[in-house]
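Student: Here's my sequence, what's the structure:
(4 chains)
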Number of protein chains: 2
Amino acid sequence: MDEVDKDKVDALFHALADRTRRDILRRVLAEEHSVSQLAAKYEMSFAAVQKHVGVLEKAGLLTKRRSGREQLASGDVQAVRSVAAMLTELEHVWRGRIARIDALIAAELDSASDPPQEDRPCP
Amino acid sequence: MDEVDKDKVDALFHALADRTRRDILRRVLAEEHSVSQLAAKYEMSFAAVQKHVGVLEKAGLLTKRRSGREQLASGDVQAVRSVAAMLTELEHVWRGRIARIDALIAAELDSASDPPQEDRPCP
DNA sequence: TTGACAAACAACCATTCGGTTGTAGGTTTG
DNA sequence: CAAACCTACAACCGAATGGTTGTTTGTCAA
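Tutor: This is a model prediction of the structure:
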């Protein structure tokens, strides 16, 4: 994976690592909102919400479009999917481990049913 | 959602928002590793890697088990799945928006094929 | 028993983060 | 035009983050 890609992934997860930003993302995925509309929903300054929107935008999780004097934010489901895909890939890594463990167990069972071997004078 | 849950989610995404931690998680999902084994893979101090492992552990993304003088870390795929599930839920929110838009369009097409209405003296 | 290795933990430092206030510019509306 | 509104942005502040070094404790091996 490229350095730039890693920066992108860092930005995506970091953007999602704040509850206010996750809430904003949920709203703009469900419907377009102006920054003011969003700011009205939270007990913090307009500038703070504006910054959160900026972080989500830089991460690519949301896009803005101008409409008169308002800036309308809309969630980008593709970016959300790309994050989900990374986690799925991690799950595949785990599946590989389980597959290897299963193979080991199978090999052990096999050898247990094998004909007696020369180095087994134990009992 | 509970406050404690939000703390948990914050911790999960924050833990994933660092490339070194994502790499560590990939390794321990594929196979158990001692902290020393992990530390050997990165160009940073043992203590730094130890901290990263600690962050992943607190987030619930990995568990440690003692073996002699080593501490073996193993990835928890359930935690990874829970994060993926949250993103899927976000995608569902977006689907709801699309469904509503489709409904609107359908309604508009319907009214276009409706019999002429009283307030349409335009042409 | 004495080293050598693995881990935990504390203290410190520079940077980033999440929040604030204040100022300035573009757009509607009266 | 003037007033109100929406947004952008800079400067600042306390807290958290990611890294370092150093010390301590527990475990294995010679």
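
Student: Touching stretch A:75-94 from outside, list them.
Tutor: Stretch A:75-94 is contacted from outside by A:9, A:12-13, A:16, A:25-26, A:28-30, A:59-63, B:25-26, B:29-30, B:75, B:77, B:80-81, B:83-84, B:87-88, B:90-91, B:94, using Cβ atoms under 8 Å, 6 or more residues apart in numbering or on different chains. (Each C-beta comes from the backbone N, C-alpha and C, glycine too.)

Student: Now the buried members of the residues you listed.
Tutor: A:9, A:12-13, A:16, A:25, A:28-30, A:59-62, B:25, B:29-30, B:75, B:77, B:80, B:83-84, B:87, B:90, B:94 (16 or more other Cβ atoms under 10 Å in any protein chain shown).

Student: Low-confidence ranges, chain A, go.
Tutor: Scanning chain A for pLDDT under 70 picks out A:114-123.

Student: Nearest to DNA strand C: which residue in it?
Tutor: Nearest to DNA strand C, among the residues of chain A, is A:G68, at 2.4 Å (Cβ to the nearest atom of the strand).

Student: Now the phi/psi pair for that residue, please.
Tutor: phi 60, psi -130 (degrees, to the nearest 10).

Student: Next: A:A17.
Tutor: phi -90, psi 20.

Student: for it, what are its contacts?
Tutor: If you count contacts by Cβ under 8 Å, 6+ apart, A:A17 has them with B:D10, B:F13, B:H14, B:L16, B:A17.

Student: thought the second one was touching A:L16?
Tutor: Yes - shown here, B:F13 and A:L16 form a contact pair, counting by Cβ atoms under 8 Å, at 4.5 Å.

Student: For A:R27, which non-adjacent residue is closest in space?
Tutor: Nearest residue to A:R27, sequence neighbours excluded (Cβ to Cβ, 6 or more residues apart in numbering or on different chains): A:H33, at 5.6 Å.

Student: What residues does chain A have near DNA strand D?
Tutor: Residues of chain A lying close to DNA strand D by Cβ under 7 Å from any atom of the strand are A:34-37, A:39, A:46-47, A:50, A:53, A:64, A:69-72.

Student: Check the offset of stretch A:39-50 from the chain's centre.
Tutor: How far stretch A:39-50 lies from its chain's middle: 25 Å, per Cα atoms, centre = their mean, to the nearest Å.

Student: Does DNA strand C have contacts with stretch A:32-40?
Tutor: No - Stretch A:32-40 is not in contact with DNA strand C by Cβ under 7 Å from any atom of the strand; minimum separation 9.3 Å.
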